[in-house]
Every structure is written in structure tokens, then in C-alpha cells.
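*Asks:* Provided below are the primary sequence and the corresponding predicted coordinates.
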Amino acid sequence: MSEKEMIKISVEEFGRLQRYMKLSQKDSDAYAEMKERYIELKVILTVAGVNLTELDKIKE
């Protein structure tokens with residue numbers, strides 16, 4: 001997988017995950033699991049040089 005493909009997939013997953021997080025209760029186990037993946041994706045995208053300013057709707 002090329003770096004561009006990895007970035008594309010990560011951006012898509014990041015957006016999808018944030019939509020699910022917005023629909024979930026913040027005190028739920030599901031939200032806690034999603035938040036872990038959210039942090040992982042933020043790290044991956046930041047290291048890849050993606051500006052998250054516009055993409056990050058949760059901002060946690």
C-alpha cells in the first residue's frame with residue numbers, strides 16, 4: 001500500500017469514526033473504544049503531514 005493510499009484510507013476512517021462518536025454517549029464503553037482509535041488516527045495523520053484543522057470535528 002502506498003503512503004497516499006494509507007492517508008486516504010485513514011482520512012476516510014477518521015471522518016467515519018467522528019460521525020459515530022457524535023452519535024454515541026460520551027460515557028459509554030463504545031465511545032471510549034472509539035476514542036482510542038480516534039487518537040491513533042490523529043497520530044497517523046499528523047505524522048503523515050495532514051492538517052487536521054478542518055477534519056477534526058471532535059477536537060478532544
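*Replies:* Done, it's in. Numbering: from 1, shown residues only.

*Asks:* all contacts plus neighbour counts: C-alpha atoms, from now on.
*Replies:* OK.

*Asks:* Next, count neighbours for M21.
*Replies:* When neighbours are counted by other CA atoms under 10 Å, M21 registers 20.

*Asks:* That one sits in which helix or strand?
*Replies:* helix 3-23 (DSSP states H and E).

*Asks:* Okay, buried residues for that helix please.
*Replies:* Using 16 or more other CA atoms under 10 Å as the burial criterion, the residues of helix 3-23 that qualify are 7, 10-11, 14-15, 17-18, 21.

*Asks:* Contact partners for F14?
*Replies:* Residues near F14 by CA atoms under 8 Å, 6 or more residues apart in numbering: 38, 41-42.

*Asks:* try it again with 7 Å
*Replies:* 38, 41 (CA atoms under 7 Å, 6 or more residues apart in numbering).

*Asks:* Could you report the distance from it to I44?
*Replies:* Distance of F14 to I44, given as CA to CA, to the nearest Å: 10 Å.

*Asks:* Over to K59?
*Replies:* To I44, K59 is 16 Å away according to CA to CA.

*Asks:* next one: L52
*Replies:* L52 is 11 Å from I44, where distance means CA to CA.

*Asks:* Of the two, which one has the most company?
*Replies:* Each of L52 and I44 has its neighbours counted (other CA under 10 Å); I44 has more, 16 against 13.

*Asks:* Chain neighbours aside, what residue packs nearest to that one?
*Replies:* S10 (7.8 Å; CA to CA, 6 or more residues apart in numbering).

*Asks:* and what of S24?
*Replies:* Leaving aside its sequence neighbours, S24 sits nearest to Y31 (CA to CA, 6+ apart; 6.1 Å).
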